[in-house]
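Visitor: Attaching a predicted model along with its sequence, questions to come.
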Amino acid sequence: MNQDSQAVFRDGRIETVEDADAALTILRHSTSHLMALAVSELYPDVHLGIGPPISEGFYYDFQTSHRFTDEDLSKIETRMGELANENLSFEPSILSKEEAMEYFRAQGEELKIELIEERSDQILSCYKLGQLIDFCTGPHVLSTDQLGVFKLLSVAGSYWRGDENREQLQRIYGTAFFTREELEDHLTRIEEARKRDHRKLGKELGLFSVQEEVAPGLIFWHPKGAVIRGIIEQFLRAELEARGYQFVYTPHIAKSNLWKTSGHYEYFREHMYTLAVDDEEYVLKPMNCPGHIMIYQSAKRSYRELPMRLAEFGTVYRYEKSGTLHGMLRVRGFTQDDAHIFCSPDQVLAEIIQTLDVAEFILNAFGFEDFEVALSVSDPDSPKEYAGNPEDWERAETVLAEALERKGWDYQRKLGEAAFYGPKIDINLIDALGRSWQLSTFQFDFSLPQRFNITYVGSDSREHHVIMIHRALLGSLERFMGVLIEHYGGAFPVWLAPEQVLVLPISERHHDYARKVTEQLAAAGLRVRADQRSEKVGLKIREAQLQKVPFMLILGDREVESEAVSVRDRLKGDLGPSSVEEFAAKVSKLVEERVVSSA
Ligand SMILES: [Zn+2]
Ligand SMILES: [Zn+2]
């Protein structure tokens, strides 16, 4: 199949697919049917779930008592290749609901019957590929000789419809591309991502752990991870305070009436943890906004106090299904770098520009230069129940667009993607592997100011509703840390590295000098440790390399004599001798300038 090849639709119509992404999706989806055919031949007792294309390939869910192994995957892949060579065609047919039910009942395909039963329309479609008839709306490639190159990647447990109370299934993941070269590139990227997996590196580098037995979905920050988090928090705090933000702390639990006023109790209930205190229901905070509103509303506010920018490293808890949890990236408790800006309408543009500036500055500091920016706005043609009045919306959307234009940023305008309570800007950053991560958000809110009746007294001595903007730059510290670990492959730049320098004495008689050098560097403000174990220096270097410590100082007779150090860089290797002062000055400069070396 080529980028502009043909697809067969459910009514038998054949069309050329010109969009390359659409063609790739059809290719992958068709390949998942081929996999289902191979699996149902090789393992006649399997029942079929669903087999959709996904962003990186495709999967199919199978119900069987057999446990698929890696060997099985290569057997299935081989059979897929043989079947593909038979040039089997994808033959669509339109059936009545009864005909389809009858067919799948005779096959014992209960899961398919459930899908068909839910259909309200009386007409549906199936596709026949070889001996396999599958319930599907298509479209597909015309025949298997149009399929490209494919590879089965892994098998994982899953549940029917993602519901842990339903049938347990096995999901086989695969991917497919038009050319061998694209597939090889993809596999290389997967391998690189595996090496950089933050869960693997987090353990190897002693940064964090997740302890399933006691706290699934929650992060234990170990000393080295906590050093990095501390630096990120201090950096952010200083930059925000310099821009007029005021830091606050708010309670982790509050009575449910607060969450009823905010609307979360009604709309966000399934993600909220509640507990009883003195016979009253309390909520473990899933958001920081109501707390900041309480602080704003603790006094009557005048226009002279605006804009008020309240910031908090606010830890929140949200229930997520256990199957969706993933290391630091998808968790049940996390700390947002949260802030709420309360301002008057004439201050909004300046505020948005300031937040975009600071986001750019902060993300650049961590070495992210590529962004994808999206502006989510309302859709006037299909009005939902939007909070606030249309003039507020229009003004907010105009301001957001104007701020983006003044920044000179390209952005995608997403019509109808705005939340019911306001339009927003999202910044996705692109990491070292070209993956996109949604981190920064600037969100207008026309709902909470009404619900809490948040006002200020204007210069006209009258009360006005305040404009409220939620904003987060890193999103959450947990997720950001996960992204950073993978972006740097664990090799943190010097300013973030939990250990910047390891001092490695060659033998016992160099220990005194090693201690002296260590103290000197610590006094210069560097994070330094001496490895005084009686191991060979070669082994100490290898371990330091694995721990991705930026600099190693090797100390032997020559260094003691000349009162110098031999510097080794984790990337460039041996850098030769240096005086302690000179080395300290060089590293301090890297820290101060937050130099991000290429990892
Ligand atoms: Zn299909
Ligand atoms: Zn908020």
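Guide: Ah, there it is. Ligands and ions are numbered 1, 2, ... in the order given.

Visitor: From here on, just use CA atoms for contacts and neighbour counts.
Guide: Will do.

Visitor: Where does the spatially closest residue to residue 508 that is not a sequence neighbour sit: helix, strand or coil?
Guide: Nearest in space to residue 508, with sequence neighbours left out and distances taken as Cα to Cα, 6 or more residues apart in numbering, is residue 534 at 7.2 Å. Using DSSP: H, G, I helix; E, B strand; the rest coil, the structure places residue 534 in coil.

Visitor: Could you pull out the buried residues of the helix or strand harbouring residue 276?
Guide: Element membership for residue 276, per DSSP states H and E: strand 273-277. Under the neighbour-count criterion of 16 or more other Cα atoms under 10 Å, strand 273-277 has residue 274 buried.

Visitor: Stretch 510-525 too?
Guide: 510, 511, 513, 514, 515, 517, 518, 519, 520, 521.

Visitor: Please compute how far the helix or strand where the fourth one lies lies from its chain's middle.
Guide: This points to residue 514. In the assignment (DSSP H and E), residue 514 maps to helix 511-523. Relative to its chain's centre, helix 511-523 lies at 41 Å (Cα atoms, centre = their mean, to the nearest Å).

Visitor: got it, and stretch 440-459?
Guide: 28 Å.

Visitor: and if you look at stretch 291-298?
Guide: Using Cα atoms, centre = their mean, the offset of stretch 291-298 from its chain centre is 30 Å.

Visitor: Repeat that for stretch 184-192.
Guide: Worked out by Cα atoms, centre = their mean, stretch 184-192 lies 19 Å from the chain centre.

Visitor: and it, which residues are buried?
Guide: Result for stretch 184-192 [16+ other Cα under 10 Å]: buried residues residue 186.

Visitor: mean confidence score for it?
Guide: On average, the pLDDT along stretch 184-192 is 93.

Visitor: What's opposite residue 177 in the beta bridge?
Guide: residue 149 (DSSP bridges).

Visitor: tally of neighbours for residue 390?
Guide: Neighbourhood size, residue 390 [other Cα atoms under 10 Å]: 12.

Visitor: again but with residue 56, I slipped
Guide: Neighbourhood size, residue 56 [other Cα under 10 Å]: 14.

Visitor: and which of the buried residues of stretch 510-525 is nearest residue 13?
Guide: residue 521 (73.9 Å; Cα to Cα).

Visitor: Check what pLDDT the closest one gets.
Guide: pLDDT at residue 521 comes out at 98.

Visitor: now swap in residue 387 and tell me
Guide: We have a pLDDT of 85 for residue 387.

Visitor: so it, which of the three states?
Guide: Classified using three-state DSSP, residue 387 is coil.

Visitor: got a list of what it touches?
Guide: 420, 421, 422, 446, 447 (Cα atoms under 8 Å, 6 or more residues apart in numbering).

Visitor: now the residues you listed as JSON lines including distance to ligand 1?
Guide: Putting those into JSON lines (distance: Cα to the ion, whole Å) gives the following:
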{"residue": "420", "distance to ligand 1": "34"}
{"residue": "421", "distance to ligand 1": "37"}
{"residue": "422", "distance to ligand 1": "37"}
{"residue": "446", "distance to ligand 1": "43"}
{"residue": "447", "distance to ligand 1": "42"}
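
Visitor: Can I get these in a markdown table including distance to residue 332, secondary structure and pLDDT?
Guide: Putting those into a markdown table (distance: Cα to Cα, whole Å; DSSP: H, G, I helix; E, B strand; the rest coil; pLDDT from 0 to 100) gives the following:
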| residue | distance to residue 332 | secondary structure | pLDDT |
| --- | --- | --- | --- |
| 420 | 24 | coil | 89 |
| 421 | 24 | coil | 92 |
| 422 | 25 | strand | 94 |
| 446 | 27 | coil | 92 |
| 447 | 26 | coil | 92 |
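
Visitor: ok, of the residues you listed, which one's closest to residue 456?
Guide: Closest approach between the contacts of residue 387 and residue 456, by Cα to Cα: residue 446, at 15.2 Å.

Visitor: So what's the residue count around that closest one?
Guide: Neighbours around residue 446, by other Cα under 10 Å: 24.

Visitor: What are the boundaries of the strands in the stretch 101-250 of the chain?
Guide: With DSSP state E, counting those that start in this stretch as the criterion, the stretch 101-250 of the chain has strands at 123-129, 132-135, 140-141, 149-159, 168-177, 208-209, 220-221, 246-247.

Visitor: about what we covered before: closest to residue 288 out of the contacts of residue 387?
Guide: For the contacts of residue 387, the nearest to residue 288 is residue 447 (15.3 Å; Cα to Cα).

Visitor: how much space is there between that closest one and residue 101?
Guide: Using Cα to Cα, to the nearest Å, residue 447 is found at 47 Å from residue 101.

Visitor: now do residue 144
Guide: 27 Å.

Visitor: So between those two, which is more surrounded?
Guide: residue 144 (24 against 20).

Visitor: Verify the stated contact: the more buried one with residue 91.
Guide: No - using Cα atoms under 8 Å as the test, residue 144 is too far from residue 91 to be in contact (11.3 Å).

Visitor: how about the residues of this protein near ligand 1?
Guide: Within reach of ligand 1 by Cα under 5 Å from the ion, the chain has these residues: 136, 138.

Visitor: circling back to that earlier point, tabulate the buried residues of stretch 510-525 (TSV), appending distance to residue 114.
Guide: Shown next, in TSV, are the buried residues of stretch 510-525 (distance: Cα to Cα, whole Å):
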residue	distance to residue 114
510	74
511	72
513	75
514	71
515	71
517	71
518	68
519	70
520	71
521	68
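
Visitor: who touches the residue in the chain positioned nearest to ligand 2 in this structure?
Guide: For the chain and ligand 2, the shortest gap (Cα to the ion) falls at residue 289, measuring 4.0 Å. By Cα under 8 Å, 6+ apart, the contact set of residue 289 is 340, 470.

Visitor: Thanks a lot, catch you later.
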